[in-house]
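Novice: predicted coordinates and the sequence they were generated for:
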Amino acid sequence: MKTKIYSTIIRDLLYADDCALVAHTLQEVRELFDSFFHTAQRFGLTVSLKNTEALHQFYPVNKSANAPVKAGDTQLATVEKFCYLGNFLSNTISVDDGITSRLTNAGCAFGTLQDRLWMAHDVSLRTKIAVYRAVVTTTPLHGCQTWTLYRHQIRKLDQFYIRCLRSIARIKRQDKVPNTDVLQI
């Protein structure tokens, strides 16, 4: 039995109204962007140079390696991180910024329901937990399939979930209830 393997190098990722160009060397970035820029012009499209940014990712992290990328005479802004569709990309190749942002959003969702649901006496704990799982737990995990997590990041997520569950069940630290019991709620 013979197996055929095809390999394709992906150089551009197209989105609704955006494009991400990917290259391994600075020379490839310049050639790829020039090609993209001139092809867009041939089709009557314009590339917004004020909204176009360059992000260099190196491993190990090398902040001094941020060389300029130009489009004609215009130098593109070089950034250390940017957000696209709720996901943060950074030059440190880390998901810390993305996790922090998503936990902030989940915290806002949790806080919005504080008075109306979590502190309501006429709503059962079972209903509160169902809403918590549907609304709060899904916010930080949207798009997490591509994350490579380290222990400190997993701990950060776990701490957020435990704090929320303790608040919903009205369990204080002084009550000395272990986290394993809180997770059984």
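Specialist: Yes, it's here.

Novice: and the next element down the chain from the worst-scoring helix or strand of the chain on mean pLDDT?
Specialist: Between all helices and strands in the chain, the lowest mean by mean pLDDT, DSSP states H and E belongs to strand 12-14, at a mean of 67. Heading C-terminal from strand 12-14, the first helix or strand you meet, by DSSP states H and E, is strand 19-21.

Novice: for that following strand, which residues meet the burial criterion?
Specialist: When neighbours are counted by 16 or more other Cβ atoms under 10 Å, the buried residues of strand 19-21 are found to be Leu21. All C-beta spots, glycine's among them, are computed from the backbone N, C-alpha and C.

Novice: which SS class is Leu89?
Specialist: Each residue gets one of three states, and Leu89 gets strand by DSSP: H, G, I helix; E, B strand; the rest coil.

Novice: my guess is it meets Val79, correct?
Specialist: No: in this structure Leu89 lies outside contact range of Val79 using Cβ atoms under 8 Å: 9.3 Å.

Novice: looking at these two, which is more packed in?
Specialist: In this comparison of Leu89 against Val79, neighbours counted by other Cβ atoms under 10 Å, the higher total goes to Leu89 at 19 against 14.

Novice: okay, and the common contacts of Leu89 and Val79?
Specialist: Between them, Leu89 and Val79 share the neighbouring residues Leu55, with contact defined by Cβ atoms under 8 Å, 6 or more residues apart in numbering.

Novice: next SSE downstream of the lengthiest helix in the chain?
Specialist: When every helix of the chain is counted residue by residue (DSSP state H), the longest turns out to be helix 151-169. Tracing the chain C-terminally past helix 151-169 and defining elements by DSSP H and E, one meets helix 179-182 next.
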